[in-house]
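Participant: Return a 3D structure for these sequence lines:
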Amino acid sequence: MSRNRSPRGGGRISSRHAHRELGPSQRQLRVGEMLRHALAQILARSDIRDPELDGVSVTITQVKPSADMRYATVYCAPLGGQNADVIIAALNRHKGFMRGEMGHMISTKFTPDLRFVEDQSFAEAEKIENLLKSPLVQRDLAVSEEDDQSNE
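Facilitator: Down below sits the predicted model:
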């Protein structure tokens, strides 16, 4: 007599845990966008007194809250990309102030703890663009276009 030793539910993943593999929930996306707008307003007002942030424009490209909404990773890029490390460090020094300001602006149970990181997507896009424009890739594209025309 064989006995089924599988865990409850036949080893299937329950629907409430399946979203972890699919990406952020609709609520995380909505809260992330709300946090992004609040941070943009705080940075636009220039209430932060720091010589490293004076006269610097920072773009908040994305905010990714954790599943429990207690933490949020803020992806940002300084205009022009210069001194990114210094600016990110300054933003992380003032994250407590910004969290307090956000607490007055948003209506969530918790105001998430912020962590600022540099958004690398612009640099990656530029790197891919340069690769596509390289002579080797252009040569390969020209060869494949000739092959396509000769097969017609």
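Participant: For this structure, name the helix or strand with the lowest mean pLDDT.
Facilitator: Ranked by mean pLDDT, DSSP states H and E, the weakest helix or strand in the chain is helix 15-22, scoring a mean of 56.
Participant: Can you name the next helix or strand after it?
Facilitator: Scanning forward in sequence from helix 15-22 by DSSP states H and E, the next helix or strand is helix 26-45.
Participant: so for the helix or strand just after that following helix, what's the average pLDDT?
Facilitator: In the C-terminal direction, the helix or strand that comes right after helix 26-45 (DSSP H and E) is strand 58-65. The predicted model assigns strand 58-65 a mean pLDDT of 90.
Participant: In its sheet, which strands sit next to strand 58-65, and in what direction?
Facilitator: Using DSSP bridges, the neighbouring strands of strand 58-65 in the sheet come out as strand 71-78 (antiparallel).
Participant: angle of the helix or strand just after the strand it pairs with against strand 71-78?
Facilitator: Scanning the chain past strand 71-78 towards its C-terminal end, the next helix or strand to appear is helix 84-93 (assignment: DSSP H and E). For helix 84-93 against strand 71-78, the angle by axes from the mean of the first three to the mean of the last three CA atoms, to 10 degrees is 140 degrees.
Participant: All set now, cheers.
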